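J.: please find the sequence and the predicted model below.
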Amino acid sequence: MGERLLAIDTATVACSVALFEDGALIAADYAEIGRGHAEKLIPAIAGLPDRGKADRILVNCGPGSFTGVRIGISAAKALALAWGADIHGYSCLSLVAAQALKQMESPRPVCVAMLAGHGEYFLQNFTATGEPIAPFATLTPDEAAGQVAGDVIAGSAASELAAATSVDAYFSILPNAAHISLVAGNMKNLAARPNYGRKPDAQPAKIV
């Protein structure tokens, strides 16, 4: 058996896992579930060959759902400890950009826009080779419309943002762990730490 990599993605309404051996995809599970990632994730991993056991683990660190990001990273860290596996993270927006570029007939700059809750978007522009142009930002729809630098918009907010701009090419895409190989190596060696993109909806009560 060659080197195995397990990819975990729970940062959005989608929940996906994928197992690779020597870079080749050997099994995957993808479902758009909205909520319930904690209940879905572990059975999905257990359903992979050898219950998903791998030498390396990659996990989506956000930006995304506070609960989803936390669940994915917690599971990845627990498995890494149990298996003695290396663990790294990747950006949700980088994977969406890579998936969009794969669908194009010829690569073009792409703007990734993901729903961030409270009517906001996570937005980041990428080059035609999938490299980020600048750090992502959390913006209102009006702010986002003025920050689109790509010829194509991709992500869960793509259709909404395209309707508010002059961009007519868009891909409504959610991240899928099965496509993690599309992301450049230097963008999937992040520390496995959460990057929520915005403050959680619930804040601890202050003790007076």
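T.: Sure thing, it's come through.
J.: pop the domain breakdown of the protein in here.
T.: By the assignment in automatic domain parsing, the chain contains the domains 4-91+175-187, 92-171.
J.: how about those, which one is nearest G197?
T.: domain 4-91+175-187 (2.8 Å; Cβ to Cβ). Placement of C-beta: from N, CA and C, glycine included.
J.: how long is the closest one from one end to the other?
T.: Using Cα to Cα, to the nearest Å, the gap from the first to the last residue of domain 4-91+175-187 comes to 19 Å.
J.: likewise stretch 117-132?
T.: In stretch 117-132, first residue to last residue: 23 Å (Cα to Cα).
J.: same thing with stretch 49-62?
T.: 27 Å.
J.: would you mark the buried spots in it?
T.: G52, K53, A54, R56, I57, L58, V59, N60, C61, G62 (16 or more other Cβ atoms under 10 Å).
J.: name the helices or strands packed onto the helix ranked longest in the chain?
T.: When the chain is parsed with DSSP state H, its longest helix is helix 66-83. In terms of contacts (3 or more Cβ pairs under 8 Å, 6 or more residues apart in numbering; DSSP states H and E), helix 66-83 is packed against strand 4-9, helix 37-46, strand 56-60, strand 86-90.
J.: how does it look with 10 Å?
T.: strand 4-9, strand 14-21, helix 37-46, strand 56-60, strand 86-90 (3 or more Cβ pairs under 10 Å, 6 or more residues apart in numbering; DSSP states H and E).
J.: elements contacting the fourth one?
T.: Helices and strands touching strand 56-60, by 3+ Cβ pairs under 10 Å, 6+ apart, are strand 4-9, strand 14-21, helix 66-83, strand 86-90, helix 92-103.
J.: make JSON lines from the buried residues of stretch 49-62 and add pLDDT and distance to P135 to it.
T.: Below are the buried residues of stretch 49-62 laid out as JSON lines (pLDDT from 0 to 100; distance: Cβ to Cβ, whole Å):
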{"residue": "G52", "pLDDT": "97", "distance to P135": "32"}
{"residue": "K53", "pLDDT": "98", "distance to P135": "35"}
{"residue": "A54", "pLDDT": "98", "distance to P135": "30"}
{"residue": "R56", "pLDDT": "98", "distance to P135": "26"}
{"residue": "I57", "pLDDT": "98", "distance to P135": "25"}
{"residue": "L58", "pLDDT": "98", "distance to P135": "21"}
{"residue": "V59", "pLDDT": "98", "distance to P135": "20"}
{"residue": "N60", "pLDDT": "98", "distance to P135": "17"}
{"residue": "C61", "pLDDT": "97", "distance to P135": "14"}
{"residue": "G62", "pLDDT": "97", "distance to P135": "13"}
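J.: hmm, which two among those are most spread apart?
T.: K53 and G62 (25.3 Å).
J.: which residues of this structure score low on pLDDT?
T.: 198-208 (pLDDT under 70).
J.: nearest the middle, which residue of it would you pick?
T.: Centroid-nearest residue in the chain: C92, 2.5 Å away (criterion: Cα atoms, centre = their mean).
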